[in-house]
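*Asks:* sequence-free structure coming up:
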């Protein structure tokens, strides 16, 4: 195993489409980047963006003051807001501003990571050798830091990213959810947008605000049409380099199943929310998160059914296969894709809803069961650094609403029954001796302590044999379910993940031989730089302006009669006549982004921030598989909107002062 540190600015990478893509900071396309900057990118400019960019539990943010203040999106901190809210003190409905440092509220379980360096890694392709090498890498990671393996180009390039990790993040300011998410699901992934989707956190270390070496200043001038925009952030995943067989598995099996599952859960949550105001409050966060993902998946599925996109993928692969020395790499991918289609529906049927009591119980059972196995036999998902992260999430408190949990568990049992059949062992275990899904759900949740974070932490500390004697009913169910789910996970790793991993280098070499190696790798949730320009867009045959204003917000509210989701947050409604209607609210640019970029700073050529990315338009939903600058746009909360919000809408002038606004 060889480790070699890489400088963050490497030799020039050229590409015909260099401005398209999400570029690792050690593989920047310097020629195209210089065209946008107006001069070559200096090491100091890149280091400034790297040193300010934060990964916030898979989303993005940036340091914007010398005292560790972090700018991100409201929807990035919505889980924190939900965990801090009660029926008597609903931060989602009222918003939040910390008048002083002592008023800043710790976000339970929220973490931040700051990238320190990148190293290339050579790993054996066999699973046993790979596992041993990974364990060695994890053992060598400096204490107090976080190291993760990153696979690029399907696994042809392996790198280790090393981070500083922060676990004390505190909420400083957040608008009301209605102001941040004006238009709700109707306006999500649409443009024009009229949202105050921003929030402020502060990073603490050893009880004191962190003093970052790099932070971003606000731009002295507002952006203009045609200006270059740069977006350092953490895009979660793209699949632009998949084979046609792999894309077929997504189009014909995985995405339809994921959409059906999400639609089933959506109906359940809305039924619960309709009961009363408190039920609506409890369901708000899961509804918003689910509907955001559901709309994205529908857009992705639509993209794979688009003939223009599909034919381009088929044409490119045909070219590669004709010029490759061997067709074997594509045959391996085809076999893995067939296995994926066979296994994915079963896996999804066995996956409980995120952040539910059964989800926590199954994670607990999996971590304990895998810890009892020899290291070489553990599932990767529940081993090493990943296992540590899962355990930390389990220790963090989050709301437990008994009635909502019962409804969601009932729905999960019913969904599994429909997908797998009454005789399936997983379904039989879920139902147990009970006649109906509802009766089973009530029985498993009766008296469970899984909703108690302190109890979860105690169970994590037990030895596997001791955990096997825990009498909690939901833990007993999870212990019965894990071996059944594990068998499918193991089959997926054996028939899909491992063959594709072993095959990655051959596929990448064939692609590079024909197309060159100057194309960006798929997004992996790690720090990337995207860049583009402030630009208008044509939507539905109609030219749309590049920015929206407060006057546009008032007009959209009035046009729908102020009915939800187009109602104004009470504070906005009360101050409507006092706020300058010409204030820019949101703007769009051609930077290539995807989920995970939420909260990324949008910066100008000087590296100063002009806004914060929060969404894309409908055309951007195809971005998982292809980028088309004609219609794909990133949507940004304008710096001017944040200034007005802090100085005139909320009692937060002290924060505007700290930001330099």
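*Replies:* Received the coordinates, thanks. What you are looking at is a predicted structure, and each value in this text was computed from that prediction instead of being measured.

*Asks:* When you work out contacts or count neighbours from here on, use the C-alpha atoms and nothing else.
*Replies:* OK.

*Asks:* May I see the buried residues of stretch 38-47?
*Replies:* Within stretch 38-47, the residues scored as buried using 16 or more other CA atoms under 10 Å are 41, 46.

*Asks:* May I have the distance across it, first residue to last?
*Replies:* Length of stretch 38-47, first residue to last, CA to CA, to the nearest Å: 18 Å.

*Asks:* do the same with stretch 207-225
*Replies:* 43 Å.

*Asks:* Please list all residues in contact with residue 459.
*Replies:* By CA atoms under 8 Å, 6 or more residues apart in numbering, residue 459 lies in contact with 364, 467.

*Asks:* Pull out the buried residues from the helix or strand containing it.
*Replies:* Following DSSP states H and E, one finds residue 459 within helix 453-461. Neighbour-count burial for helix 453-461, counted by 16+ other CA under 10 Å, picks out 453, 456-457, 459-460.

*Asks:* now the closest residue to residue 653 other than its chain neighbours: how far from residue 201?
*Replies:* The shortest distance from residue 653 to any non-neighbouring residue, by CA to CA, 6 or more residues apart in numbering, is to residue 647 (4.8 Å). Taking CA to CA as the measure, residue 647 falls 18 Å from residue 201.

*Asks:* of the two, who's got more company?
*Replies:* More neighbours surround residue 201 than the other of residue 647 and residue 201, with 25 against 17 (other CA atoms under 10 Å).

*Asks:* who does the host helix or strand of that one pair up with?
*Replies:* Secondary structure assignment for residue 201, by DSSP H and E: strand 199-205. In the sheet, strand 199-205 lines up against strand 69-72 (antiparallel), strand 168-174 (antiparallel), strand 208-209 (antiparallel) (DSSP bridges).

*Asks:* Dump those strands into JSON lines; add mean neighbour count and distance to residue 105 as well.
*Replies:* Listed next are the strands paired with strand 199-205 as JSON lines, based on neighbours: other CA atoms under 10 Å; distance: least, CA to CA, whole Å:
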{"stretch": "strand 69-72", "mean neighbour count": "28", "distance to residue 105": "13"}
{"stretch": "strand 168-174", "mean neighbour count": "25", "distance to residue 105": "5"}
{"stretch": "strand 208-209", "mean neighbour count": "15", "distance to residue 105": "13"}
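
*Asks:* can I get those in a markdown table with distance to residue 360 and mean pLDDT?
*Replies:* Putting the strands paired with strand 199-205 into a markdown table (distance: least, CA to CA, whole Å; pLDDT from 0 to 100) gives the following:
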| stretch | distance to residue 360 | mean pLDDT |
| --- | --- | --- |
| strand 69-72 | 27 | 98 |
| strand 168-174 | 22 | 98 |
| strand 208-209 | 32 | 98 |
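
*Asks:* I'd like the ones you listed as a markdown table, with distance to residue 608 appended.
*Replies:* Output for those, formatted as a markdown table (distance: least, CA to CA, whole Å):
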| stretch | distance to residue 608 |
| --- | --- |
| strand 69-72 | 13 |
| strand 168-174 | 21 |
| strand 208-209 | 22 |
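
*Asks:* Which one of those strands lies nearest to residue 408?
*Replies:* strand 168-174 (28.8 Å; CA to CA).

*Asks:* which other residues reach the closest one?
*Replies:* 74, 80, 95-98, 103-107, 110-112, 198-205.

*Asks:* how about low-confidence regions in this structure?
*Replies:* For the chain, the stretches flagged by pLDDT under 70 are 1-19.

*Asks:* so how far is the helix holding residue 459 off the chain centroid?
*Replies:* Taking the mean of its C-alpha atoms, helix 453-461 sits 26 Å from the chain's own mean (CA atoms, centre = their mean, to the nearest Å).

*Asks:* Kindly report the same for stretch 250-270.
*Replies:* Relative to the chain's own centre, stretch 250-270 is displaced by 18 Å; criterion: CA atoms, centre = their mean.

*Asks:* mind checking how far residue 81 is from residue 110?
*Replies:* With distances taken as CA to CA, residue 81 is found 11 Å from residue 110.

*Asks:* quick one: which of the two has more around it?
*Replies:* Taking neighbours as other CA under 10 Å, residue 81 and residue 110 compare with residue 81 leading, 24 against 19.

*Asks:* Secondary structure element for that one, which one?
*Replies:* helix 78-84.

*Asks:* Which elements pack onto the host helix or strand of residue 390?
*Replies:* Taking DSSP H and E as the definition, one finds residue 390 inside helix 384-395. Contact here means 3 or more CA pairs under 8 Å, 6 or more residues apart in numbering; DSSP states H and E; on that basis helix 384-395 packs against helix 127-140, helix 357-371, helix 453-461.

*Asks:* buried set for that helix?
*Replies:* Under 16+ other CA under 10 Å, the buried positions of helix 384-395 are 384-385, 387, 390-395.

*Asks:* other SSEs contacting the next helix or strand after it?
*Replies:* Sequence-wise, the next helix or strand downstream of helix 384-395 (DSSP H and E) is helix 402-420. Helices and strands touching helix 402-420, as assessed by 3+ CA pairs under 8 Å, 6+ apart, comprise helix 255-273, helix 328-349, helix 425-431, helix 437-445.

*Asks:* Mind listing what's buried along helix 402-420?
*Replies:* Buried, per 16+ other CA under 10 Å, within helix 402-420: 404-417, 419-420.

*Asks:* How is the protein divided into domains?
*Replies:* With domains defined by automatic domain parsing, the chain comprises 66-107+174-206+226-235+528-659, 244-515.

*Asks:* wait, which of the ones you listed is closest to residue 165?
*Replies:* Among the domains of the chain, domain 66-107+174-206+226-235+528-659 sits nearest to residue 165 (CA to CA), with 9.8 Å.

*Asks:* Please name the nearest non-neighbouring residue to residue 599.
*Replies:* Residue nearest to residue 599 in three dimensions, not counting chain neighbours: residue 72, with 4.0 Å by CA to CA, 6+ apart.

*Asks:* likewise residue 467?
*Replies:* Among residues not flanking residue 467 along the chain, residue 459 sits closest, at 6.6 Å (CA to CA, 6+ apart).

*Asks:* any idea how far that neighbour lies from residue 391?
*Replies:* Residue 459 sits 10 Å away from residue 391, taking CA to CA as the criterion.

*Asks:* again, but for residue 639
*Replies:* Counting by CA to CA, the gap from residue 639 to residue 391 is 38 Å.
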